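Engineer: Just the structure for this:
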Amino acid sequence: MEILSDVDIKSVVFGAAIAATCFIIGMNGMDLAYPFASIGLLYTGYKAKNLKWGAGLGAFASTPLMVLSLDQRFVGVLDGKTEIIIILLIFFVGALVGFVGAWAKRDRVKAKEEYEKKQKIGKNKNKKKKTQETPKENKGFLNKILKKE
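Structural biologist: The predicted structure follows:
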């Protein structure tokens, strides 16, 4: 069960659910929802451990899209070759989008590390600054009125 400890199952389930929901909304007349189906697969890849896991989990999270695309209520009657081509295309697109999500995470982690590295470089970064707070008088309108009395 070491493999399952590396996988964030919650992200796979949520990613597949988001992708399937957007696909169903798109099939019911809102064609604008189709591109948003990739958000779920991107999320799945982003939460993956590395690039290989991102591609694999993205492909796995695209299985609801495969099932929905082969459902005859949405598409119609297909022959055997067309079904296989659709399955393979959705599988490869899911793997690609998951890979892109994992790649985005890797680049973001690297950018954070570089930013923190740049913040540590500088003059007198190790010395503690003396910060003494002196109470300041508030010269607001209400304080002026109260002091005059």
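Engineer: going forward, measure contacts and count neighbours with C-alpha atoms only.
Structural biologist: Noted.
Engineer: and the helix or strand that Leu57 is a member of, which residues are buried?
Structural biologist: Applying DSSP states H and E as the criterion places Leu57 in helix 51-61. Neighbour-count burial for helix 51-61, counted by 16 or more other Cα atoms under 10 Å, picks out Leu51, Lys52, Trp53, Gly54, Ala55, Gly56, Leu57, Gly58, Ala59, Phe60, Ala61.
Engineer: Ile18 against Ile39, yeah?
Structural biologist: Yes: using Cα atoms under 8 Å, Ile18 is in contact with Ile39, at 7.4 Å.
Engineer: What segments of this structure are helices?
Structural biologist: Assigned by DSSP state H, the helices in the chain fall at 2-6, 9-27, 37-46, 51-61, 63-70, 80-120, 141-148.
Engineer: show me the contacts for Leu32.
Structural biologist: For Leu32, the contact set (Cα atoms under 8 Å, 6 or more residues apart in numbering) comprises Gly26.
Engineer: What score does it have for pLDDT?
Structural biologist: On pLDDT, Leu32 comes in at 87.
Engineer: for Pro135, same thing?
Structural biologist: Looking at Pro135, its pLDDT is 56.
Engineer: what about Phe14, distance to Gly29?
Structural biologist: 23 Å (Cα to Cα, to the nearest Å).
Engineer: Same check on Thr82?
Structural biologist: According to Cα to Cα, Thr82 and Gly29 sit 23 Å apart.
Engineer: Next: Ser62.
Structural biologist: 21 Å.
Engineer: neighbour count winner among the two?
Structural biologist: A direct count of neighbours by other Cα atoms under 10 Å for Ser62 and Gly29 places Ser62 higher, at 29 against 9.
Engineer: give me phi/psi at the more buried one?
Structural biologist: The phi/psi pair for Ser62 (degrees, to the nearest 10) reads phi -90, psi 0.
Engineer: Next up, the contacts around it.
Structural biologist: With contact taken as Cα under 8 Å, 6+ apart, Ser62 is in contact with Ala16, Ala19, Leu41, Ile90, Phe91, Gly94.
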